[in-house]
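J.: Make a model of this:
(2 chains)
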Amino acid sequence: MKGLRKLLDNIKPNFEKGGKLAIFQSFFDAIDTLLYVPDKVTRSGSHIRDAIDMKRTMIIVVLSMVPALLFGMWNVGRFHFLSLGLLADKTFWEIFRFGFFKVLPLIIVSYVTGLTIEIIFAQIRKHDVPEGFFVTGFLIPLIMPVDVPLWMVAVATAFAVVIGVEVFGGAGMNVLNPALTARAFLFFAYPSHMSGDKVWIAGLNQGTGVIDGFSGETVMGYAAANRLSDMPYTPHDMFFGFIPGSIGETSTLAILIGAFILIYTGIGSWKIITSVFAGGLFMGFILNLFAVNDYMAVPAWQHLIIGGFAFGAVFMATDPVSAAQTEKGKWIYGFLVGVFAILIRVLNPAYPEGVMLAILLMNVFAPLIDHYVIEANIKRRMKRVEPSKT
Amino acid sequence: MPDSIKIRKGLNINLQGKAEKIFIKAKRAELFAVKPTDFHNLLPKLEVAVNDKVKAGTALFYDKYHPDIKFTSPVSGTVQAINRGERRRILDVVISPDEEFEYQEFVQADPSTLTREEIIHYLQSSGLWPAIRQRPYNLMANPSDTPKSIFISAFDTSPLAPDYDFLLKDLNSEFQTGINALLKLSGGKVHLNLDSTYPASTVFANAKGVQINKFNGPHPAGNVGTQIHFVDPINKGEIVWVISPQDIVTIGRLFIQGRYDASRIIALTGSEVKNPRYYKSIAGSCIRSLTDGNVREGNQRYISGNVLTGTRVSQNGFLGYYDSQITVIPEGNHHEFFGWFSPGLSKFSISRSFLSKLVPRNEFRIDTNIHGGKRALMITGSFEKVFPMDIYPMQLLKAISIEDIDLMEKLGIYEVVEEDFALCEFIDTSKTDIQTLVRKGLDLMYKEMN
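T.: Numbers count the residues shown, from 1 in each chain, chains lettered A, B, ... in the order given. Below is the predicted model of the structure:
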């Protein structure tokens, strides 16, 4: 390993100011700091520092999403072969391999597009390449339908990074969750590729070899069409993830494993995660009380295990930049995300999934929530002065 | 008032190298120094020149804006050097000590029989006035102010901190005499804050005229800023003075003996010290007199003070005016291959993102590596875990970054000083120099108000 370090130290001067390759400085630094934690030391103040840094934080978030990704890959294969009527003949590895090669290109496209843009901006702004895209680049494929064209992933990623993040001043300054920005962009720009009953299963659009009567409808598709009684999926299927849907969102179990990692390490806010679930349950109960159709009568707890609810609660709503930043604010923010997600999902037939819109909506309102939480703190401080004045 | 104020938020960083409770008489240092840089914003005016003879208590320089405030030599001897830095700023005045000390004579009197003005006069001329610091702004106290109260923290919760009970053992009368002086200075109460987890030493428990408040909890429970916040918070326009117990003893000696006796006890701590112990030494000593032969080989960081708030000094540097501790830890100027991906069995983190949390370990050896690059302040909710005051730390820091004076005031800048944010700086994922930022905020605020 000494040789590699030497090599990096030797070529480093080329990338520094005045060097031949100075325009690639951010790129070089990104690679260098990826390979080696820098040798920089403290100067004053706190002479020692916690071992955690942004890279460690982001890699933990990525790790927490791996169970959902792996299950998603297998589920992609499973539904593909199910639609062809071949599932019984296939081994576990054949199923997984199909899904793996279907999903991998999405991940590659998302990372290559996003990181290229990030590095260019970092170079222009003369700062380090931020790690936030580690997570965003991983999230984007997970919230896509499997049959989304690769060029759309590239366009959506570019949109999310440039319009969602960089125009606000870069990572840490954005208002909206970047991965959801990508999905919302596709949802409104190419609705036919992002909804319906064909896009969730690989190969269903071409339709070759599909067995008669097979439907790729999601649970929410059935519900919105008021055909819940025709739905072949049990709550058991929904919890473990044997249902069609975006790649990473189907298995509540896999997502809960991720939630455990985030909460245990202290990196994801348990306050946001639990309050989103609480808000969803609350709204579910309210709808049950006034149920006039089948969808409104769906048991509240079932809402939490279908669609993107759990995925959004654990991996999307918790993004520290776009969520509320005060601890009290996080409770309110999370609860309202849950309430709006179910409200939009059930009562607005134009949007079969409300989680995306609920989180984006609350991203916009998060600063307002924080404002009132902080105002309360300021008022407490002012009050302390007043009695002593009189 | 409850029996004991429980501080719930905070963090104890357990480092290797806690001082064993043994007093060693340190050999007399070959050089001593008084450093104007220990006093923020001070503009020193020299009263001595190189080769001048000085006694212990002779003024070396004074404050340009308060010429009565003198900074005096801790020992008798000869001025050996006056070192200057950029723009001829005085860095330190170095004294080479005599064999036998001669002392400048001040008054021998019980402070309770003196007037406030007399006490201020003697503290100023003996060089002890600077021991009193004011909040807000964390500056040397201004003698023309009358503080609403004076706070003394009798315990230190910072990493490897010296034990004040041990430091002040059997110094009951010196401490009480010092307290008597402070009682004359305060416009209100004198608060003495103790740790309720163990019985206080008689020096503190029997102190008269003070209000005793008890605290328990992790660091920063021992920070005087935390204590002020919970007992008598500072509002706009109010001033509180703070002073450390060892300095109170020195003030006590001034009035008992009539001279500036600068002897004090220093804890030599840190993972790179072979035998961490307490030393009987003298203020302003060259740290070599304590560290020689007692520090492991290697590239080390010498700190006057503790690892969170101390000042970096060279191997031949001098003890800071306010410090009772020297810490030696390894420098961390090395690259770590895929360090951010490693399991991290021996890494310290408040988060549970390293395996070290699964293997119980009592003490850590932490070097000075920053462990990552600087980023925007992104992670929320982490500062709140170690910041016990009812203040939003992240929002206050952002207000300082954008230099919004009005917002800084609203968010509580008067209540905080650099050290209150030391833990935030330690745990910060974005590796911002937070204490420097807080100092910038305090300076901005001070300029605005004065």
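J.: Nearest residue to the residue in chain B that chain A sits nearest to in space, please, no chain neighbours.
T.: In chain B, no residue comes nearer to chain A than residue B:372, which is 2.5 Å away by C-beta to the nearest C-beta. In short, each C-beta sits where N, CA and C put it, glycine included. Spatial nearest neighbour of residue B:372, excluding adjacent residues (C-beta to C-beta, 6 or more residues apart in numbering or on different chains): residue A:53 at 2.5 Å.
J.: same thing with residue A:17?
T.: residue A:25 (7.7 Å).
J.: in stretch B:66-82, what's buried?
T.: Within stretch B:66-82, the residues scored as buried using 16 or more other C-beta atoms under 10 Å in any protein chain shown are B:69-77, B:79-80, B:82.
J.: What of stretch B:86-97?
T.: For stretch B:86-97, by 16+ other C-beta under 10 Å, it's B:90, B:92-95, B:97.
J.: And for stretch B:94-109?
T.: B:94-95, B:97, B:101-104, B:106.
J.: Also stretch A:341-360?
T.: Quick answer for stretch A:341-360 (16+ other C-beta under 10 Å): A:341-346, A:351-360.
J.: ditto for stretch B:337-351
T.: Result for stretch B:337-351 [16+ other C-beta under 10 Å]: buried residues B:339-340, B:342, B:344, B:347-351.
J.: picking that back up, which ones among the buried residues of stretch B:94-109 lie within strands?
T.: Within the buried residues of stretch B:94-109, residues falling in strands by DSSP state E are B:94-95, B:97.
J.: which one among these gets closest to residue B:377?
T.: residue B:94 (41.3 Å; C-beta to C-beta).
J.: one step back: burial count for the residue of chain B closest to chain A?
T.: 27 (other C-beta atoms under 10 Å in any protein chain shown).
J.: got the phi/psi numbers for it?
T.: phi 140, psi 180 (degrees, to the nearest 10).
J.: Show me which of the buried residues of stretch A:341-360 is closest to chain B.
T.: residue A:359 (16.2 Å).
J.: Just the pLDDT at that closest one, thanks.
T.: Listed pLDDT for residue A:359 reads 96.
J.: Roughly how far does the residue nearest to residue B:195 when sequence neighbours are not counted sit from residue A:78?
T.: Closest residue to residue B:195 apart from its sequence neighbours, by C-beta to C-beta, 6+ apart: residue B:155 at 4.1 Å. As for residue B:155, its distance to residue A:78 is 62 Å (criterion: C-beta to C-beta, to the nearest Å).
J.: got it, and residue B:33?
T.: Taking C-beta to C-beta, one finds residue B:33 at 75 Å from residue A:78.
J.: Give me the domain ranges for chain B.
T.: Under the assignment automatic domain parsing, the domains of chain B span B:5-9+B:125-257, B:370-449.
J.: Can you give me the end-to-end span of the longest one?
T.: End-to-end distance for domain B:5-9+B:125-257: 37 Å, by C-alpha to C-alpha, to the nearest Å.
J.: quick one: average confidence on that domain?
T.: 94.
J.: Could you check how far that domain is from the centre of its chain?
T.: 12 Å (C-alpha atoms, centre = their mean, to the nearest Å).
J.: which residues sit in contact with residue B:424?
T.: When contacts are counted by C-beta atoms under 8 Å, 6 or more residues apart in numbering or on different chains, residue B:424 touches B:383, B:386-387, B:393, B:397, B:434.
J.: for residue B:175, same thing?
T.: B:168, B:203-204, B:207, B:245, B:248-249, B:252.
J.: what's the neighbour count on the closest residue to chain B within the stretch 51-200 of chain A?
T.: With C-beta to the nearest C-beta, the shortest gap between the stretch 51-200 of chain A and chain B falls at residue A:53, namely 2.5 Å. A total of 26 residues lie near residue A:53 under the criterion other C-beta under 10 Å.
J.: Residue A:307 now?
T.: 28.
J.: Check residue B:358 too.
T.: Neighbours around residue B:358, by other C-beta under 10 Å: 9.
J.: State the phi and psi torsions of the residue nearest to residue B:64 when sequence neighbours are not counted.
T.: In space, and not counting its chain neighbours, residue B:64 is closest to residue B:43: 4.0 Å by C-beta to C-beta, 6+ apart. Geometry field for residue B:43 lists phi and psi as phi -110, psi 100, criterion degrees, to the nearest 10.
J.: ok, now how distant is residue B:43 from residue B:86?
T.: 15 Å.
J.: same deal with residue B:270?
T.: Counting by C-beta to C-beta - residue B:270 and residue B:86 are separated by 30 Å.
J.: which ones are touching the spatially closest residue to residue A:82 that is not a sequence neighbour?
T.: Using C-beta to C-beta, 6+ apart and skipping the chain neighbours, the partner closest in space to residue A:82 is residue A:214 (7.6 Å). By C-beta under 8 Å, 6+ apart, the residues touching residue A:214 are A:82-83, A:85.
J.: Is residue A:214 in a helix, a strand, or coil?
T.: coil (DSSP: H, G, I helix; E, B strand; the rest coil).
J.: rewinding a little: just confirm the residue nearest to residue A:17 contacts residue A:13, I think it does.
T.: No. If you go by C-beta atoms under 8 Å, residue A:25 and residue A:13 don't touch, sitting 11.1 Å apart.
J.: in terms of contact, does the residue nearest to residue B:372 touch residue B:427 like I think?
T.: No. Judged on C-beta under 8 Å, residue A:53 makes no contact with residue B:427 at a distance of 11.2 Å.
J.: one step back: quick one, phi/psi of the residue nearest to residue B:195?
T.: phi -150, psi 150.
J.: Nearest residue to residue A:384 in space, please, no chain neighbours.
T.: residue B:235 (6.0 Å).
J.: In a strand, residue B:81, correct?
T.: Yes. When classified by three-state DSSP, residue B:81 is found to be part of a strand.
J.: Quickly list what it is bridged to.
T.: Counting by DSSP bridges, residue B:81 is bridged to residue B:94.
J.: what's it in contact with, if anything?
T.: So residue B:81 contacts B:50, B:93-94 (C-beta under 8 Å, 6+ apart).
J.: ditto for residue B:35
T.: With C-beta under 8 Å, 6+ apart, residue B:35 has these contacts: B:91-93, B:318, B:320-321.
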